[in-house]
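just need the structure, nothing else, for what follows:
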Amino acid sequence: MNRDPVDTVIGRQIRALRLARAMSQSDLGALIGATAADIELFETGARRVGTRRIVRIAKALRVDVGAFFGGWGMFEPTDAPDVLPWSRRGTPRFPSRAIH
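Below you'll find the model as predicted:
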């Protein structure tokens, strides 16, 4: 199974933040309603972390959700996931109103 690099980066961030707080995988799992095995899968990138779960993990670790996205510098620009929808002309479409 090929792991998505995004899942791997987020998993590494979860692990680093958990270890910085001297928290075991079991401890974190108990706080978010998951098992230690689930936490292991998240941390290795073998299982994708959903939005609700990432919010719970952030609360348990007492960090902002953005803390999990600090490893993006690891990617070359060509490896970064596409996040903008592309028009037929190949230019990005931006929302008509800014999202803050």
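
okay, CA-based contacts and neighbour counts for the rest of this
Noted.

could you measure from Gly33 over to Arg21?
As judged by C-alpha to C-alpha, to the nearest Å, Gly33 and Arg21 stand 18 Å apart.

please spell out which residues along stretch 25-40 are buried.
Gln25, Asp27, Leu28, Gly29, Ile32, Thr35, Ala36, Asp38, Ile39, Glu40 (16 or more other C-alpha atoms under 10 Å).

so, low pLDDT: which residues of the chain?
1, 70-100 (pLDDT under 70).

neighbouring contacts of the longest helix along it?
As assigned by DSSP state H, the longest helix anywhere in the chain is helix 5-20. For helix 5-20, the external contacting residues (C-alpha atoms under 8 Å, 6 or more residues apart in numbering) are 24-25, 28, 42-49, 57, 61, 67-72, 81.

could you dump that helix to PDB, C-alpha only?
Taking Å, rounded to 0.1, in the frame of the first residue of the first chain, the C-alpha atoms of helix 5-20 are listed here in PDB:
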ATOM      1  CA  PRO A   5       2.800  11.900   1.800                       C
ATOM      2  CA  VAL A   6       0.300  14.200   3.400                       C
ATOM      3  CA  ASP A   7      -0.800  11.500   5.800                       C
ATOM      4  CA  THR A   8       2.800  10.800   6.600                       C
ATOM      5  CA  VAL A   9       3.600  14.400   7.400                       C
ATOM      6  CA  ILE A  10       0.600  14.800   9.600                       C
ATOM      7  CA  GLY A  11       1.300  11.500  11.400                       C
ATOM      8  CA  ARG A  12       4.900  12.600  12.100                       C
ATOM      9  CA  GLN A  13       3.600  15.900  13.600                       C
ATOM     10  CA  ILE A  14       1.100  14.000  15.800                       C
ATOM     11  CA  ARG A  15       3.900  11.800  17.100                       C
ATOM     12  CA  ALA A  16       6.300  14.700  17.700                       C
ATOM     13  CA  LEU A  17       3.700  16.700  19.600                       C
ATOM     14  CA  ARG A  18       2.600  13.700  21.600                       C
ATOM     15  CA  LEU A  19       6.200  12.800  22.600                       C
ATOM     16  CA  ALA A  20       6.900  16.500  23.500                       C
END
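
how about the helices of the chain, start to end?
5-20, 25-32, 36-44, 51-61.
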